[in-house]
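S.K.: can you look at this prediction? I've put the sequence above it.
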Amino acid sequence: MNKSKIAVLNRRGILAAAGAATAALAAPRILRAQGKELVVGGAASHKGFVETIIAPVVEKKFSCKVVFEGSRSLVNLEKMQKNKDKQYLSVVMMDDPVMIPAVAEGLLDPLTAAKVPNLAMLKPGTVHMDGMWCNYLQPWLGIAYNPKAMKTAPTSWADAYDPKYKGRVILPSLQNTEGLANLFMAAFLATGKPMPEAQKDIDAGFKKLVTIKPNLLTAYTQMPQAYNLLEQGEGFMISSAISQVALERKAAGAPVEIAVPKEGIFAMPSGVALVKGGPQPELAAGYINEMIGPEVQAKLSAATYSLPTNKDTPVPAGAPTNATMFGIDWKFVADNRADWVKRWDRDMAM
Amino acid sequence: MTVKSAPSPWRDPVALLAAPAVIYLLVVYAFPLLWLFMKSLTGPGGLTLQPYVSFLSDPFNWRVVGNTLRVAAWVTVVCFAIGYPAAFALARAGAVLQIVMLVSIILPLSVGAVVKAFAWQIVLRRDGIVSQTLVGLGLWDEPQRLLFTETGLVLGAANIFLPFMILPIYSVVKLIDPRLSEAGATLGATPLYRFTHVTLPLTLPGIVSGVAFVFSMSVSMFVIPSLLIGDRFQTLATLTGRSFLLMRNEQLGSTTAVILLVLAVSIVVGSTWVARRIGGNQA
C-alpha cells in the first residue's frame, strides 16, 4: 500500500517538476516578448562590438532590447531562406558576397533615405544594388609583414614577387575572401589599367599571379596558421592581410605590422541589410541608422581597426588617411568565383 | 578440425546484440551515403553519369586522385615500418614498461589533429629541429624547409595515425606463443626463414587491420593536409570539402566523395583479400 502511494507521489512529483522546468525554460521568451525586441543576425566575431558599442546606443534611444545571434554569413543566409514566410531576424550583418544571393532570392528590403536618414552621410561606393545593403565599416587589405624578418617595410604589391623573398611569401587561398585582392592586383600590375577595368581582366591576373609561385611559402585557408608562420619568422609577409586581424595581433604584442602599398588598399566587405518581412521594421531601420551614424561609427572604427564608412567620421589614429581605396565588384565575383577557384587549383598547384 | 556450423544469425539471440550498432550505422552512415550516391547521379534531367564523365575526363582531377593515393600509400608504409617492430617491443615488454608504452601510444590520441599539425609546423620549418639536425650531421648543406612539402605531410600524418597501426598488430603479436619461433630454431630454421614462415603469417591479421585503418584514415584526411601542405596540394578529400563548404556545388562534392569512397574501399578490400591469400598459402 504504502509503497504504491510513494510511487504515485513520485510520479506526480516528476510531472510537476517537468512542468516547472518547461515554464522556467519558456519564461525568458515570454518576458522578452513583453518589451520591444530586435533580433540581429551576424558573424560570431561581431558579437563583441554589437553588444558593447551598437546595442547600448540603440537600446537607449528606442528603449528596446537587441538580441544578437552570432554565426556566419552563410548560416544567416540559410536562416532567412528557411524562415522566408515568417522571418524572425530583422537585421542581418553579412559579407557582401553573401548579400548577392540574398538579394537574388528576394530576402532583403531596400534601405531608403526616408527609413535610414544617415544613408546620405555614407562614402561613395558603400551603398550597393540600389540600397539593398550598405557597408557599416571598411576593414582594409594591405600587406602584413614581420618587422623582425623584414628590415624594410614592403611599399608595393609588386614586392611579393621580388625573387629575394623566395619561399617567404604567404598568400590567402582564393577561396578566402581576402584572397581575391591578389588576383585583382596581379591584373592591375600586369595590365596597368585602372582597377575597375583591370579587375575584369582575370586572365592577365592569373598569368601574373603564377609568377609568384617560387616565392610562396604556402597558400592558407586557415588564417591563424598564416599568422603563426609570420610571427615565427618562417614567413616574411602575408600579401593581402585584413587590417583588423593584423592590427589586433600587433596590439597583442606580436611582431606584426601592416603596410599600405603605394598602389592602394582594398576595402573588405562588411554589409548590413534589412530582412524583408522581418519583425519590427522601423526599429530595424533605426538600428542601421544608428550603426552608420557618427557616434557609433567613431567607436566602431577605432575598436575594429577599420575605416568608417560615414564620411563625417574622422579616421581613427593609425589608419591610412589618403590611400587609394579599391572597391570589389561583388556581383562579378559571385558570378565567376567557382571558375576562378578551379583555375587557381590548377595554376597554383605545387 | 571441423567447426560445427554456426546457428543462423536469425535464430541466434546473441546476434541481436548488434542491433543498436546496426540501427545507428544505418541512420547516420548508410542512409546519408545512399543520399550522397544518389545526389552524384542526379542531374537536372534525371539520372545521369555526366558528373563522373566530366570529372574523370579532366587530367587535373587524375592528378588529385594520384596525390590522394600516393600520400595515403606513403603514410601507410611509414606507419608500418615504424609500427611493426614497435608492436613487438610493446607485446614482449615487461608489465611496467608495457603500461608506460601503451600510455605513450594512446595518450597522444587525446590531442587533436590540429594541435599536432601545429606542432609539426614548428618541427618542420627551416630553423626547426629536423632541418638543424640534418645540417648538423652534414647531410644537408644549408637549412631547408620540410613544411608544405609532401615529405612533411607524410611524416606529420604518419605520426598522427601511428597508434592505429601499432595497436592492431600488438593485439595479434600478444597472442603468438614465443616458443613457436624457438621450435623453428631447434629445427634449424634461420631467423629470416622463421620470420617469413612463422611470425609474419601469424601477424598478418593484425597487419591487415592496421593497414586498413591507416590507409582509409589517411586517404580521407582533410584537416591535416590543409594545415601541413596548404591549398596548393589538392586531394579528393580537400576537393570534396571545398565543393560543399565553399562552392556549394553538392553534385561535384558528392561525386568526388563517392570516387574517394570507392577507391578507398576497393583498395582496402582488395589488399585484404590478397594478404589473406598469401597468408593462406604460407600457413
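M.R.: Done, it's in. Residues are numbered from 1 along each chain as shown, chains lettered A, B, ... in the order given.

S.K.: in stretch B:267-281, which residues are buried?
M.R.: Using 16 or more other Cβ atoms under 10 Å in any protein chain shown as the test for burial, stretch B:267-281 gives B:Ile267, B:Val268, B:Thr272, B:Ala275, B:Gly279. In this view, the C-beta of every residue, glycine as well, is placed from N, C-alpha and C.

S.K.: ok, the residues you listed vs chain A, which is closest?
M.R.: Chain A has its nearest neighbour among the buried residues of stretch B:267-281 in B:Ile267, at 23.8 Å by Cβ to the nearest Cβ.

S.K.: do I have it right that the closest one meets B:Val214?
M.R.: No: look at B:Ile267 against B:Val214 with Cβ atoms under 8 Å: they stay out of range, at 12.0 Å.

S.K.: low-confidence stretches in chain A?
M.R.: Across chain A, residues meeting the criterion (pLDDT under 70) sit at A:1-35.

S.K.: contacts only, for A:Val272.
M.R.: Applying Cβ atoms under 8 Å, 6 or more residues apart in numbering or on different chains, we find A:Val272 in contact with A:Val91, A:Val92, A:Met93, A:Trp133, A:Cys134, A:Asn135, A:Tyr136, A:Ile288, A:Met291, A:Ile292.

S.K.: out of these, who's nearest chain B?
M.R.: Comparing the contacts of A:Val272 against chain B with Cβ to the nearest Cβ places A:Val92 closest, at 18.1 Å.

S.K.: is chain B contacted by stretch A:154-168?
M.R.: Yes: using Cβ under 8 Å from any Cβ of the partner chain, stretch A:154-168 reaches chain B at A:Gly167.

S.K.: quick one: name the residues of chain A near chain B.
M.R.: By the rule Cβ under 8 Å from any Cβ, the part of chain A lying against chain B is A:167, A:173, A:175, A:216-222, A:225, A:228-229, A:232-234, A:337-338, A:341, A:345-346, A:348-350.

S.K.: are any of those residues buried, and if so which?
M.R.: A:167, A:173, A:175, A:216-222, A:225, A:228-229, A:232-234, A:337, A:341, A:345, A:348.

S.K.: now intersect the residues you listed with the strands, please.
M.R.: Those of these mapping onto strands are A:Leu216, A:Leu217, A:Thr218, A:Ala219, A:Tyr220, per DSSP state E.

S.K.: what is the nearest of the buried residues of stretch B:267-281 to B:Ile176?
M.R.: Closest to B:Ile176 out of those is B:Gly279 (13.8 Å), distances taken as Cβ to Cβ.

S.K.: re the thing from before, any chance of the ones in strands among the buried ones among the residues of chain A next to chain B in CSV, plus distance to B:Leu239?
M.R.: Shown next, in CSV, are those (distance: Cβ to Cβ, whole Å):
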residue, distance to B:Leu239
A:Leu216, 20
A:Leu217, 22
A:Thr218, 18
A:Ala219, 15
A:Tyr220, 17
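
S.K.: starting at the chain centroid, how far to stretch B:66-82?
M.R.: 8 Å (Cα atoms, centre = their mean, to the nearest Å).

S.K.: does chain A have contacts with it?
M.R.: No: Stretch B:66-82 does not reach chain A (Cβ under 8 Å from any Cβ); its nearest approach is 9.1 Å.

S.K.: give the buried residues for that stretch.
M.R.: B:Asn67, B:Thr68, B:Leu69, B:Val71, B:Ala72, B:Trp74, B:Val75, B:Thr76, B:Val78, B:Cys79, B:Phe80.

S.K.: the last one: what's its closest spatial neighbour, skipping adjacent residues?
M.R.: Spatially, and ignoring its direct neighbours in sequence, B:Phe80 is nearest to B:Met165 (6.1 Å; Cβ to Cβ, 6 or more residues apart in numbering or on different chains).

S.K.: isn't the one you found up against B:Val77?
M.R.: No: using Cβ under 8 Å as the test, B:Met165 is too far from B:Val77 to be in contact (10.4 Å).

S.K.: where in the stretch 1-150 of chain B is pLDDT low?
M.R.: For the stretch 1-150 of chain B, the stretches with pLDDT under 70 are B:1-10.

S.K.: and the residue of the stretch 51-200 of chain A that's closest to chain B?
M.R.: A:Ser173 (3.9 Å).

S.K.: any idea how far B:Leu252 is from that residue?
M.R.: Distance check for A:Ser173 against B:Leu252: by Cβ to Cβ, to the nearest Å, it reads 17 Å.

S.K.: and B:Leu124, how many neighbours?
M.R.: Here the number of neighbours of B:Leu124 (other Cβ atoms under 10 Å in any protein chain shown) works out to 23.

S.K.: bridging residues for A:Phe68?
M.R.: A:Val40 (DSSP bridges).

S.K.: list phi and psi for the residue lying closest to B:Ala91 once chain neighbours are set aside.
M.R.: The spatial neighbour of B:Ala91 that comes closest, neighbours along the chain excluded (Cβ to Cβ, 6+ apart), is B:Val173 at 4.0 Å. Dihedral angles of B:Val173 (phi, psi; degrees, to the nearest 10) stand at phi -60, psi -40.

S.K.: how about the one 3 residues further on?
M.R.: Comment: the main-chain dihedrals of B:Ile176 come out as phi -80, psi 130, following degrees, to the nearest 10.

S.K.: what number of residues lie near it?
M.R.: 17.

S.K.: need the contact list for the nearest residue in space to it that is not next to it in sequence.
M.R.: Spatially, and ignoring its direct neighbours in sequence, B:Ile176 is nearest to B:Leu202 (5.1 Å; Cβ to Cβ, 6+ apart). Listed by Cβ under 8 Å, 6+ apart, the contact partners of B:Leu202 are B:Val172, B:Ile176, B:Leu180.

S.K.: what helix or strand is B:Leu202 on?
M.R.: Remark: B:Leu202 resides in helix B:200-219, with elements defined by DSSP states H and E.

S.K.: which helices and strands does the helix or strand following that helix pack with?
M.R.: Later in the chain than helix B:200-219, the nearest helix or strand by DSSP H and E is helix B:223-228. Secondary-structure packing of helix B:223-228 (3 or more Cβ pairs under 8 Å, 6 or more residues apart in numbering or on different chains; DSSP states H and E): helix B:113-124, helix B:150-173, helix B:236-245.

S.K.: chain center to the longest one: distance?
M.R.: How far helix B:150-173 lies from its chain's middle: 8 Å, per Cα atoms, centre = their mean.

S.K.: buried stuff in that helix?
M.R.: Neighbour-count burial for helix B:150-173 [16+ other Cβ under 10 Å]: B:150, B:152-173.

S.K.: start and end of stretch B:230-237, how far apart?
M.R.: End-to-end distance of stretch B:230-237 (Cα to Cα, to the nearest Å): 13 Å.

S.K.: ok, back up a step: tell me which of the buried residues of stretch B:267-281 fall in helices.
M.R.: B:Ile267, B:Val268, B:Thr272, B:Ala275, B:Gly279 (DSSP state H).

S.K.: as CSV, those with distance to A:Ala252 would be great.
M.R.: Formatted as CSV, these follow (distance: Cβ to Cβ, whole Å):
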residue, distance to A:Ala252
B:Ile267, 46
B:Val268, 46
B:Thr272, 51
B:Ala275, 53
B:Gly279, 58
